[in-house]
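Undergrad: 3D, please:
(2 chains)
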There are 2 protein chains.
Amino acid sequence: MGLIVQKYGGTSVGSAERIQRVAERLIAAQKSGQDVVAVISAMAGVTDELIKLAHELSPQPSPREMDALLATGEQGASALVAMAVNALGGKAVSLTGAAAGIVTDGVHTKAKISHISPRQIHELLAEDFIVIVAGFQGQSTQGAITTLGRGGSDLTAIALAAALKADDCQIFTDVDGVHTCDPRVVPDASKIDEIAYDELLEMAGAGSKVMQSRAVEFAKKFGVGFEVRSSLKDRPGTQAKATPANMEDVVVRGVSLERNQAKVTICGVPDRPGCAGVIFSAIAGASLNVDMIVQNASSTGTTDLSFTLHKDDFTLAEKTLMPLVAQIGAEGLSATSNVAKLSVVGIGMRSHAGVASRLFACLGEAGVNIQLISTSEIKIAVVIAEEDLECAARATHAAFGLAGPRRPSSAAAG
Amino acid sequence: MGLIVQKYGGTSVGSAERIQRVAERLIAAQKSGQDVVAVISAMAGVTDELIKLAHELSPQPSPREMDALLATGEQGASALVAMAVNALGGKAVSLTGAAAGIVTDGVHTKAKISHISPRQIHELLAEDFIVIVAGFQGQSTQGAITTLGRGGSDLTAIALAAALKADDCQIFTDVDGVHTCDPRVVPDASKIDEIAYDELLEMAGAGSKVMQSRAVEFAKKFGVGFEVRSSLKDRPGTQAKATPANMEDVVVRGVSLERNQAKVTICGVPDRPGCAGVIFSAIAGASLNVDMIVQNASSTGTTDLSFTLHKDDFTLAEKTLMPLVAQIGAEGLSATSNVAKLSVVGIGMRSHAGVASRLFACLGEAGVNIQLISTSEIKIAVVIAEEDLECAARATHAAFGLAGPRRPSSAAAG
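TA: Alright, predicted model coming up:
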């Protein structure tokens, strides 16, 4: 008999009706002959509501108490799911992260799982219970409630799947799976059937946020295969694994889009050691989250240093860096907040030449000017004007043949 | 250095602003040189909201899951109070009932405390923390979250005060304390400074619900003195203890009123063994909560059996008992739902004659007809028409001289 771990996000348990649908799914999974462990997020909106309350009381709520507060969201939702299963004639119990044996370090609000002792889960499974585990949380060795950071329920599910040696792990969410591009922008974007962990990481990091990156990294480290699928439709999603079956054939897996970006360029930075250090120390000091960093080769003794960040951080970044321009002897600072990022992602790129040239050529044909370029082994990212993003996305999607043969199922899923 | 346990009800922590006021109070108590343990209820409305959600999912939610769900209300509120203390420069940690060492039996939704291991509380107090404990909950020896029944936070506070050998226990609520009568009905009702446990029990059981009866019983059993006082005003409340200083002088401590009562009389019940048993088995089977039961001496071979219950249960009671009338050979059933109960309560009654006659005389003078009478050692209760209640209350309050000498403070508190 197999063991399956299913994770349901906040939208999937966002109302009594949806919780009932989750309960039906859990019962069906058990009826199909599997041991079932479910990981549940807080009902949509609950966590934000609790955070709002906390901030009414304190500008910087104590992390320990923040954890004790936020953990209640997942705990409550888990109890509700267990009730719903029981009401439908199933047999379920809910467990807090602590009761499920999830032990973490003591770093509140972003604890790391140190180990899992799933004794109680195994006992309950042996008694034919569907075991509902509150996601996002654990207990420190000192006995305090800890949380794993935003999106931590994904990590709970993957880590439990590893600890329980689950045969299957399904991440239920409000999208059908990972798509070759955002279907709202590229109507013929299709669902990706299989994806490598690294590709998923790059797609996630590049704006297609279907899963917490830490959870994917954990899955990669422990070789936990999982499926991202919709809780609202009964249809296969995207399988994430180390080596997708068609890895060699597929050069580019998808096109990832990220809006609301800003670009800052410090021009004429003296080409001497330490300048970049001064700049990025100041950025870190202001807690700014920088994405791409690009510096070009210098020929004139000075160079331009560019980076991107979220549009919301744009003003703070300008304010932080302005005084530094003179200090390091740079020529000036130019900044714009009307840019977006487009990335092509695929493990196949490693062994295929020509991806960059095909990307740049298709963007050129579409009349899209490229402002910045940055590459990794399995990704090429460009920064372009925000107004060009949709046109660029469709051109790129077509250029790499991502719409693929339109099978009826994938067409519907798109 | 003394140790004080303070309990705050749902209204006292009903908003961010009120939570802040609780935090200020806790810090002030610590600054006065005391070790401080606070017991916190769920924010007003939260528990009802959770119960509503549960009932959307299940007509009879599993008690185990109900406990896991409802316990989140107190856990969250406790974390918020701890945050508020920290934000005001104090030093606080919150603990779930389980972490506070409250061990219960496994009877979900109405668990009994089996023992308390307050090791962690003592350690935290030694480190100068204000310790915030989630009320209403504990952990069974099997490790499941349990709750102590509605109003259980009072019990948590009293039990912790006993386990910690606290020097003081204060129950903060939205009333000033226990009054000689409901001030909305009797404008010159005054706050009672000291009250015996038994009196408080009778007053509580008779409708002046300032505290959970179980908590008062626990306090009586373990000799825990406590004070019921307002969280909104800074003014002494009512001290509950085994033997109030003025016990000998005070004959009647207060007049307790209970509205929305119904009275059922089964007439002509054959005076033979088993009849009352049949009737009350049926009542228990229908989960009806009966209050007073009165049966008169029989002279004609039959007797009348009356009881009171809440108006809401009236229809079900009639429906349950109608078929029994013929079965036991009774003559008939008369029932009315327009009655109320008035009780005079006081330990002093035990050794004073004349309380009953003074009560009946004053009601007679006020033109109030008495429908039922029932007495205990420290209480005389009468059932009267609901429309007579206010007039009867004022007459009784005056007849026993309860308004007392109007000191400025008690006048204001009244």
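Undergrad: residues contacting A:Ala356?
TA: A:Thr375, A:Ile380 (Cβ atoms under 8 Å, 6 or more residues apart in numbering or on different chains). (C-beta placed from N, C-alpha, C; glycine too.)
Undergrad: mind listing what the residue of chain A most remote from its centre touches?
TA: Each residue of chain A has a distance to the centre, and by Cα atoms, centre = their mean the biggest one is for A:Thr300: 40.8 Å. Counting by Cβ under 8 Å, 6+ apart, A:Thr300 touches no other residue.
Undergrad: Check what pLDDT it gets.
TA: pLDDT, A:Thr300: 78.
Undergrad: Now do it against A:Ala326, distance only.
TA: 19 Å (Cβ to Cβ, to the nearest Å).
Undergrad: Tell me the secondary structure of the residue farthest from the centre of chain A, please.
TA: coil (DSSP: H, G, I helix; E, B strand; the rest coil).
Undergrad: Excluding chain neighbours, give the residue nearest to A:Val382 in space.
TA: A:Ile370 (4.9 Å; Cβ to Cβ, 6 or more residues apart in numbering or on different chains).
Undergrad: thinking the one you found is in contact with A:Phe360, fair?
TA: Yes. Counting by Cβ atoms under 8 Å, A:Ile370 does reach A:Phe360; the two are 6.7 Å apart.
Undergrad: And the helix or strand hosting A:Leu333, what's buried?
TA: In this assignment (DSSP states H and E), A:Leu333 forms part of strand A:332-345. Residues A:Leu333, A:Ala335, A:Ser337, A:Val339, A:Ala340, A:Lys341, A:Leu342, A:Ser343, A:Val344, A:Val345 are the ones in strand A:332-345 that count as buried (16 or more other Cβ atoms under 10 Å in any protein chain shown).
Undergrad: Just the closest residue of the stretch 201-350 of chain A to chain B, please.
TA: A:Ser231 (16.4 Å; Cβ to the nearest Cβ).
Undergrad: State the distance from that residue to A:Gly177.
TA: A:Ser231 is 12 Å from A:Gly177, by Cβ to Cβ.
Undergrad: Would you mind listing the buried residues in the longest helix belonging to chain A?
TA: For chain A, the longest helix by residue count, based on DSSP state H, is helix A:63-87. Going by neighbour count (16+ other Cβ under 10 Å), the buried part of helix A:63-87 is A:63-87.
Undergrad: after it, next one along is what?
TA: strand A:92-95.
Undergrad: so does that next one get close to chain B?
TA: Yes. Applying Cβ under 8 Å from any Cβ of the partner chain, one finds strand A:92-95 in contact with chain B at A:Ala92, A:Val93, A:Ser94.
Undergrad: quick one: that strand to chain centroid distance?
TA: Relative to the centre of its chain, strand A:92-95 is centred 27 Å away, using Cα atoms, centre = their mean, to the nearest Å.
Undergrad: can you give me the helices for chain A?
TA: Going by DSSP H, chain A shows helices at A:16-31, A:46-57, A:63-87, A:119-126, A:152-163, A:197-205, A:213-222, A:275-285, A:314-327, A:355-365, A:389-399, A:408-413.
Undergrad: Just tell me which of these ends up closest to B:Thr238.
TA: helix A:46-57 (30.3 Å; Cβ to Cβ).
Undergrad: Keeping just the C-alphas, turn the closest one into PDB.
TA: What follows is helix A:46-57, C-alpha atoms only, in PDB (Å, rounded to 0.1, in the frame of the first residue of the first chain):
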ATOM      1  CA  VAL A  46      -6.300  34.600   7.900                       C
ATOM      2  CA  THR A  47      -2.600  35.000   8.100                       C
ATOM      3  CA  ASP A  48      -2.700  38.600   6.800                       C
ATOM      4  CA  GLU A  49      -5.500  39.400   9.300                       C
ATOM      5  CA  LEU A  50      -3.300  38.100  12.200                       C
ATOM      6  CA  ILE A  51      -0.300  40.000  10.900                       C
ATOM      7  CA  LYS A  52      -2.400  43.200  10.700                       C
ATOM      8  CA  LEU A  53      -3.500  42.700  14.300                       C
ATOM      9  CA  ALA A  54       0.100  42.100  15.500                       C
ATOM     10  CA  HIS A  55       1.200  45.300  13.800                       C
ATOM     11  CA  GLU A  56      -1.500  47.300  15.500                       C
ATOM     12  CA  LEU A  57       0.100  46.200  18.800                       C
END
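Undergrad: what does it rub up against?
TA: A:10, A:61, A:65-66, A:69-70, A:72-73, A:76-77, B:16, B:19-20, B:23, B:76, B:80, B:83-84, B:87.
Undergrad: What are the buried residues along it?
TA: For helix A:46-57, by 16+ other Cβ under 10 Å, it's A:Val46, A:Thr47, A:Leu50, A:Leu53, A:Ala54, A:Glu56, A:Leu57.
Undergrad: just the angle between it and helix B:16-31, please?
TA: Using axes from the mean of the first three to the mean of the last three Cα atoms, to 10 degrees, the direction of helix A:46-57 lies 60 degrees away from that of helix B:16-31.
Undergrad: and which of the residues of strand A:92-95 next to chain B is nearest chain B?
TA: A:Ser94 (5.2 Å).
Undergrad: and the stretch 51-200 of chain A, which residues reach chain B?
TA: Near chain B, when you scan the stretch 51-200 of chain A using Cβ under 8 Å from any Cβ, you find A:53-54, A:56-62, A:64-66, A:68-69, A:71-73, A:75-76, A:78-80, A:82-84, A:86-87, A:92-94, A:96, A:99, A:120, A:143-145.
Undergrad: so where is chain A shaky, pLDDT-wise?
TA: A:1, A:204-209, A:247-248, A:298, A:404-414 (pLDDT under 70).
Undergrad: And the strands in the stretch 151-300 of chain A, which stretches?
TA: Counting by DSSP state E, counting those that start in this stretch, residue ranges of the strands within the stretch 151-300 of chain A are A:168-173, A:194-196, A:226-230, A:238-241, A:254-270, A:290-295.
Undergrad: ok, the shortest one: who's next to it in the sheet?
TA: If I follow you right, that is strand A:194-196. Taking DSSP bridges as the criterion, strand A:194-196 forms sheet pairs with strand A:238-241 (parallel).
Undergrad: can you list contacts of the strand it pairs with?
TA: So strand A:238-241 is contacted by A:177-178, A:191-197, A:200, A:216, A:219, A:225-229 (Cβ under 8 Å, 6+ apart).
Undergrad: Filter those residues down to the buried ones.
TA: A:177-178, A:191-197, A:200, A:216, A:219, A:225-229.
Undergrad: Contacts only, for A:Ala403.
TA: A:Thr180, A:Asp188, A:Ala189, A:Ser190, A:His397.
Undergrad: how about 6 Å then?
TA: A:Asp188 (Cβ atoms under 6 Å, 6 or more residues apart in numbering or on different chains).
Undergrad: Packing partners of the strand holding A:Leu333?
TA: Of the remaining helices and strands, those touching strand A:332-345 by 3 or more Cβ pairs under 6 Å, 6 or more residues apart in numbering or on different chains; DSSP states H and E are helix A:197-205, strand A:254-270, helix A:314-327, strand A:379-385.
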